[in-house]
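Visitor: Model the structure of this input:
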Amino acid sequence: MSHAVQKTGIYAVLILWTFVCLFPIFWTVSTAFKEAKDIYQGDLIPWLQFEPNWKGWESLGLSPDTIRERSGARDQFLKHASNTLTISLSAAALAAVIGSLAAYGLARFSYRFGPWRNKDISFWFLSQLILPPVAIALPILVLYRELDLLDTRVGLILVYTIMNLPIVIWIMRDQFNSIPVELEQAALVDGASIWQAFLRIVVPIAAPGFVAAFILSLVFAWNEYFFAVVLAGADAPTLPLLLAGQTSSQGTRWWSIAALATAAITPLIVIGLIMERHIVKGLTAGAVK
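Guide: From the prediction side, this is the model:
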């Protein structure tokens, strides 16, 4: 009886936590189909408390009535979405590749930089996550102005790649440490080079960690706002900038924000659901010996 009660309690807590995690998504999606009066009245349940409509999507030119017509709002959304997709994917891929190489070096070779050893270097990389972005915004702004990288996709890709390197290095270092070095030694004995052993033996085994690092880098780059507002302008704006632009002196257009947020998070949700198994496996690598 006590076991049944304990199991029921665990499921109750999990259901409650699931509700807490999913409610913001439900609120965002449902708000995209509300009018102003429904939002301010706090109506939550569609068809019971309010009648869904396409007002939020009309403001983006994405409703069934406007999708076949020319729309400046839709062109603007597609421009921001295209920039976000290109910048985020490129930055995540670069961070995953460069960070994986750095992590492999820290996991397999011994380094000495003054009094620092491998663990000190690894911690230095992690400490970069503590550094507030505003502390380096001005130097980067001046540097980008000299290099003519302001308001360019390349400029944002470089910044986002550097931002994501610490988390990639830490994830992949643990992933490589969990792989027996004897596998690579056997490949070297058979005549393989270090690069061949890395690409043919280590990379396939470490693929879940690579996927997890790539997805996390993609999410961080996709949602980043600070450097986008500092370094981007009319040519390379991203979706977070478009979201922030929905608030004006005339008030906040919650229906537009909700529709835009729904469209922005949908690709990440789909990717997360597809890659869920790899993400969990990659993040937990090395946790159990």
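
Visitor: Let me know the distance separating Trp47 from Phe33.
Guide: Noted for Trp47: a distance of 10 Å to Phe33, by CB to CB, to the nearest Å. Any C-beta I mention is one placed from the backbone N, CA and C, and that applies to glycine too.

Visitor: Compare the two (neighbour count), which wins?
Guide: Regarding Trp47 and Phe33, a neighbour count based on other CB atoms under 10 Å identifies Phe33 as having more, with 20 against 7.

Visitor: Find the residue closest to that one in space, skipping its chain neighbours.
Guide: Nearest residue to Phe33, sequence neighbours excluded (CB to CB, 6 or more residues apart in numbering): Pro52, at 3.8 Å.

Visitor: what's the answer for Ala103, then?
Guide: Per CB to CB, 6+ apart, closest to Ala103 is Met172, 3.6 Å.

Visitor: Would you point out which residue is most central in the chain?
Guide: Of all residues in the chain, the one closest to the mean position by CA atoms, centre = their mean is Val219, 0.6 Å from it.

Visitor: helix or strand right after whichever helix or strand Leu106 is part of?
Guide: Secondary-structure element containing Leu106, defined by DSSP states H and E: helix 72-108. Toward the C-terminal end, the helix or strand that comes next after helix 72-108 (DSSP H and E) is helix 118-127.

Visitor: how distant is the helix or strand following that next one from the center of its chain?
Guide: If you walk from helix 118-127 toward the C-terminus, the next helix or strand you reach (DSSP H and E) is helix 134-147. A distance of 23 Å separates the C-alpha centroid of helix 134-147 from that of its chain, computed with CA atoms, centre = their mean, to the nearest Å.

Visitor: packing partners for helix 134-147?
Guide: Here helix 134-147 touches helix 226-231, going by 3 or more CB pairs under 8 Å, 6 or more residues apart in numbering; DSSP states H and E.

Visitor: So which elements touch the helix it packs on?
Guide: helix 134-147, helix 153-177, helix 239-244.

Visitor: List the buried residues of it.
Guide: Within helix 226-231, the residues that qualify as buried are 227-228, 230-231, counting by 16 or more other CB atoms under 10 Å.

Visitor: Mean confidence (pLDDT) on stretch 28-35, please.
Guide: Along stretch 28-35, the predicted local confidence has a mean pLDDT of 88.

Visitor: Could you give the separation between the terminal residues of it?
Guide: The distance separating the two terminal residues of stretch 28-35, taken as CA to CA, to the nearest Å, comes to 13 Å.

Visitor: what sits up against that stretch?
Guide: Stretch 28-35 has contacts (CB atoms under 8 Å, 6 or more residues apart in numbering) with 39, 43-44, 46, 50, 52-57, 254-255, 257-259, 261-262, 265.

Visitor: sorry, back to before: next, the closest residue to the residue nearest to the centre of the chain other than its chain neighbours: phi, psi?
Guide: Closest residue to Val219 apart from its sequence neighbours, by CB to CB, 6+ apart: Leu268 at 6.0 Å. Note on Leu268: its backbone torsions stand at phi -70, psi -40 [degrees, to the nearest 10].

Visitor: contacting residues for Leu268?
Guide: For Leu268, the set of contacting residues under the criterion of CB under 8 Å, 6+ apart consists of 218-219, 222.

Visitor: quick revisit: please pick the buried ones from the contacts of stretch 28-35.
Guide: Once neighbours are counted (16+ other CB under 10 Å), the buried part of those comes down to 39, 43, 50, 54-57, 254-255, 257-259, 261-262, 265.

Visitor: Could I get the buried residue list for the strand or helix carrying Leu14?
Guide: Leu14 belongs to helix 2-31 when assigned by DSSP H and E. The neighbour-count criterion (16+ other CB under 10 Å) identifies 28-31 as the buried residues of helix 2-31.

Visitor: Need the pLDDT of Trp57.
Guide: As summarised for this prediction, Trp57 has a pLDDT of 88.

Visitor: do Met172 as well
Guide: In this prediction Met172 is given a pLDDT of 90.

Visitor: right, and it touches Tyr104 too?
Guide: Yes: here Met172 reaches Tyr104: they are 7.2 Å apart, a contact under CB atoms under 8 Å.

Visitor: Give me the more crowded residue out of the two.
Guide: Comparing Met172 with Tyr104 by other CB under 10 Å, the one with more neighbours is Met172, at 26 against 21.

Visitor: For that one, list the residues it contacts.
Guide: If a contact means CB under 8 Å, 6+ apart, then Met172 has 99-100, 103-104, 206, 209-210, 213 as its contacts.

Visitor: Among these, which one lies nearest to Gln76?
Guide: Distance ranking of these against Gln76, using CB to CB, places Ala213 first at 32.2 Å.

Visitor: Brilliant, that's me finished.
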